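Undergrad: Sequence below, structure please.
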Amino acid sequence: MSEQTTTRQDFEKGLEGSSTKVASFDSHNRGLLSRIQHALHSAPAGVPLIVLSASIIIFGLILGDKFFTPFSLTLILQQVAVIGIVGVAQTLVVLTAGIDLSVGAIMVLSSVVMGQFTFRYGLPAELAVLCGLAVGAFCGFINGVLVAIMRLPPFIVTLGMWQIVLASNFLYSANETIRSQDISTQAPILQFFGEKINIGGAVFTYGVILMILLVLLFHYLLNHTAWGRHVYAIGDDPDAAELAGVRVSRIRISVYTLAGLICALAGWTLIGRIGSVSPTAGQFANIESITAVVIGGISLFGGRGSILGMIFGALIVGVFSLGLRLIGTDPQWTYLLIGALIIAAVAIDQWIRKVAS
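TA: As a prediction, this is how the structure comes out:
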């Protein structure tokens, strides 16, 4: 019995020693770089916000009153309104670890449907707008079904949809542009989101207001509803999400359908922005929306990021574009700097993701 008692005491002392070592390891203070890494992991919109603030300050110091005016700053918002709205759609898809290359084509097709249904078929403009929104949602729904039910890769599905929608757009419209003068006299509601509001020298459009409202709405939905938590869970690990009771296929279909609907809203905003219905407008919206998403700190691997970061990313592009134009530099410098920002953003994302590994 004495030997058993001694053995038990030695075993308990060993446990106490090991627990002490573990506690000592856990209480180890992290370095400054590690704390920054953890802070950015918990607030992914922090990096683009810092870059945006720095770029505004730098261009403000260089250009002075030429840049720091209510008109110039709100002009940036006007320029990024369409891409910001498309970026909301792209954000939802990327958060589920997908990507949508068809967003720009869906946007343009929806705008063409709105215009053609009004001027070719004589439908009331309000009904034509609803038809355009329905077309956008239907295209997104098809994407969602192919990705969620057929289990096809999002890249391949949306690449194919991009080609199909783009061809349908040109075939249906016969490459015909509906002029601004005709729209303003016969169907002004199509240009609604291009109407301007002047507030103390700051010029806003209803398109800018729509972009802000969409960002705020989906920021709330993604962070304060079960649907939003499920979107993040699917992007992080779809198998684990399904085991936890998340209806993965249904959520994915809802995400792609909403993305299509939002792209249709962007198409309506595009008409207001350029004044006409053109089948050739917005050709690079898919690339520009991905740029805003990546610079905005949203991980292309899914499950991490903030929709606020996306709008910061879009504004960074707008600030660089306007600032360099006012300085008088070659426009190619804008593409060079934006390309460098994209690579830097992906590198930072990879570094931040090591926190979770």
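Undergrad: all contacts plus neighbour counts: C-alpha atoms, from now on.
TA: Fine.
Undergrad: The nearest residue to Leu92 once chain neighbours are set aside - how many residues pack around it?
TA: Among residues not flanking Leu92 along the chain, Val255 sits closest, at 6.2 Å (Cα to Cα, 6 or more residues apart in numbering). The number of residues packed near Val255 is 26, by other Cα atoms under 10 Å.
Undergrad: now swap in the one 5 residues further on and tell me
TA: Applying other Cα under 10 Å, we find 34 other residues in the vicinity of Gly260.
Undergrad: Val203: which element?
TA: If you go by DSSP states H and E, Val203 is part of strand 202-205.
Undergrad: Can you list the strands that that strand pairs with?
TA: Strand 202-205 pairs in its sheet with strand 196-199 (antiparallel), by DSSP bridges.
Undergrad: how about low-confidence regions in the stretch 251-357 of the chain?
TA: Where the stretch 251-357 of the chain drops to pLDDT under 70, the residues are 353-357.
Undergrad: show me where it has helices.
TA: Secondary structure of the stretch 251-357 of the chain (DSSP state H, counting those that start in this stretch): helices at 285-295, 307-327, 332-353.
Undergrad: Mean neighbour count for those helices - can I get that in CSV?
TA: As requested, the helices of the stretch 251-357 of the chain are exported to CSV (neighbours: other Cα atoms under 10 Å):
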stretch, mean neighbour count
helix 285-295, 26
helix 307-327, 23
helix 332-353, 16
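Undergrad: In CSV: the ones you listed, plus distance to Gly122.
TA: What follows is these, written out as CSV (distance: least, Cα to Cα, whole Å):
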stretch, distance to Gly122
helix 285-295, 29
helix 307-327, 37
helix 332-353, 42
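Undergrad: closest to Ile156 out of those helices?
TA: Smallest distance to Ile156 across these (Cα to Cα): 14.4 Å, for helix 285-295.
Undergrad: Which elements pack onto the closest one?
TA: helix 70-95, helix 103-119, helix 307-327, helix 332-353 (3 or more Cα pairs under 8 Å, 6 or more residues apart in numbering; DSSP states H and E).
Undergrad: what's the closest of those helices to Ala285?
TA: Ala285 lies closest, by Cα to Cα, to one member of the helices and strands packed on helix 285-295: helix 103-119, at 4.7 Å.
Undergrad: Summarise which helices and strands the next helix or strand after the closest one is packed against.
TA: Using DSSP H and E, the helix or strand that directly follows helix 103-119 along the chain is helix 125-148. Here helix 125-148 touches helix 103-119, helix 154-173, helix 248-274, going by 3+ Cα pairs under 8 Å, 6+ apart.
Undergrad: Quickly compare those helices and say which is most buried.
TA: Comparing the helices and strands packed on helix 125-148 by mean neighbour count (mean count of other Cα atoms under 10 Å), helix 103-119 comes out on top with a mean of 28.
Undergrad: which stretches of the stretch 1-150 of the chain have low pLDDT?
TA: By pLDDT under 70, the weakly predicted segments of the stretch 1-150 of the chain are 1-30, 36-37, 39-42.
Undergrad: Now render the helices and strands packed on helix 285-295 as CSV, adding distance to Thr158.
TA: Compiled in CSV, the helices and strands packed on helix 285-295 are given as follows (distance: least, Cα to Cα, whole Å):
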stretch, distance to Thr158
helix 70-95, 11
helix 103-119, 8
helix 307-327, 20
helix 332-353, 22
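Undergrad: hang on, the earlier thing: list the buried residues of the strand holding Val203.
TA: By 16 or more other Cα atoms under 10 Å, the buried positions in strand 202-205 come out as 203-205.
Undergrad: Specify which member of the residues you listed is nearest to Ile142.
TA: For these, the residue nearest Ile142 by Cα to Cα is Thr205; the value is 32.0 Å.
Undergrad: Enumerate the beta-bridge partners assigned to that closest one.
TA: Going by DSSP bridges, Thr205 is paired in beta bridges with Lys196.
Undergrad: residues touching it, list them.
TA: 78, 193-197 (Cα atoms under 8 Å, 6 or more residues apart in numbering).
Undergrad: How about Phe284?
TA: Counted by Cα under 8 Å, 6+ apart, Phe284 has contacts Gly104.
Undergrad: That one and Ile209: what is the separation?
TA: The gap separating Phe284 from Ile209 is 23 Å, by Cα to Cα, to the nearest Å.
Undergrad: and what of Pro188?
TA: In terms of Cα to Cα, Pro188 sits 18 Å off from Ile209.
Undergrad: Since that was my last question, I'll sign off now.
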